[in-house]
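Enquirer: Predicted model and sequence below, questions to follow.
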Amino acid sequence: MLVSFPGELLMRVLKMMILPLIITSLISGLSQLEAKQCGKLGSLAFIYYIATTFIAVI
């Protein structure tokens, strides 16, 4: 009981920090790409999304 409360707080803080870290990392990475590379990356991400969704439906 004594250890679970600080552990729970730590896990909540870590979960709260994950999304902003991921978003800032993505924005930083995308800002360094050229427009052509960004378009290619977007199309590959879309194809990956469609493929995994199709596999999940099957």
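Expert: Yep, it's here. Numbering: from 1, shown residues only.
Enquirer: Give me the contact list for stretch 13-33.
Expert: 38, 41 (Cβ atoms under 8 Å, 6 or more residues apart in numbering). The way it works is simple: take the backbone N, C-alpha and C, and place the C-beta from them, glycine included.
Enquirer: In terms of helices and strands, where is the residue nearest the centre of the chain?
Expert: By Cα atoms, centre = their mean, the chain has its centre lying nearest to residue 22, at 5.3 Å. Using DSSP states H and E, residue 22 maps to helix 4-31.
Enquirer: State the mean pLDDT of that helix.
Expert: Averaged over helix 4-31, pLDDT sits at 92.
Enquirer: Now do the helix or strand following that helix against helix 4-31, angle only.
Expert: Using DSSP H and E, the helix or strand that directly follows helix 4-31 along the chain is helix 35-57. Calculated by axes from the mean of the first three to the mean of the last three Cα atoms, to 10 degrees, helix 35-57 forms an angle of 130 degrees with helix 4-31.
Enquirer: From the chain's centre, how far out is helix 35-57? Work that out for me.
Expert: 14 Å (Cα atoms, centre = their mean, to the nearest Å).
Enquirer: Identify all contacting residues around it.
Expert: Taking Cβ under 8 Å, 6+ apart as the rule, helix 35-57 contacts 30, 33.
Enquirer: mean confidence for it?
Expert: The average pLDDT for helix 35-57 rounds to 95.
Enquirer: Using PDB, write out the CA atom coordinates for that helix.
Expert: Extracted C-alpha coordinates of helix 35-57, given in PDB (Å, rounded to 0.1, in the frame of the first residue of the first chain):
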ATOM      1  CA  ALA A  35       8.400  18.600 -49.300                       C
ATOM      2  CA  LYS A  36       9.000  15.700 -51.600                       C
ATOM      3  CA  GLN A  37      10.200  13.500 -48.800                       C
ATOM      4  CA  CYS A  38       7.300  14.500 -46.600                       C
ATOM      5  CA  GLY A  39       4.800  13.600 -49.300                       C
ATOM      6  CA  LYS A  40       6.500  10.200 -49.800                       C
ATOM      7  CA  LEU A  41       6.400   9.600 -46.100                       C
ATOM      8  CA  GLY A  42       2.800  10.500 -45.900                       C
ATOM      9  CA  SER A  43       1.800   8.200 -48.700                       C
ATOM     10  CA  LEU A  44       3.800   5.300 -47.200                       C
ATOM     11  CA  ALA A  45       2.100   5.900 -43.800                       C
ATOM     12  CA  PHE A  46      -1.300   5.900 -45.500                       C
ATOM     13  CA  ILE A  47      -0.600   2.700 -47.400                       C
ATOM     14  CA  TYR A  48       0.600   1.100 -44.100                       C
ATOM     15  CA  TYR A  49      -2.600   2.200 -42.400                       C
ATOM     16  CA  ILE A  50      -4.800   0.800 -45.100                       C
ATOM     17  CA  ALA A  51      -2.900  -2.500 -45.200                       C
ATOM     18  CA  THR A  52      -3.000  -3.000 -41.400                       C
ATOM     19  CA  THR A  53      -6.700  -2.100 -41.300                       C
ATOM     20  CA  PHE A  54      -7.400  -4.600 -44.100                       C
ATOM     21  CA  ILE A  55      -5.500  -7.300 -42.300                       C
ATOM     22  CA  ALA A  56      -7.400  -6.500 -39.100                       C
ATOM     23  CA  VAL A  57     -10.700  -6.900 -40.800                       C
END
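Enquirer: Fine by me, thanks again.
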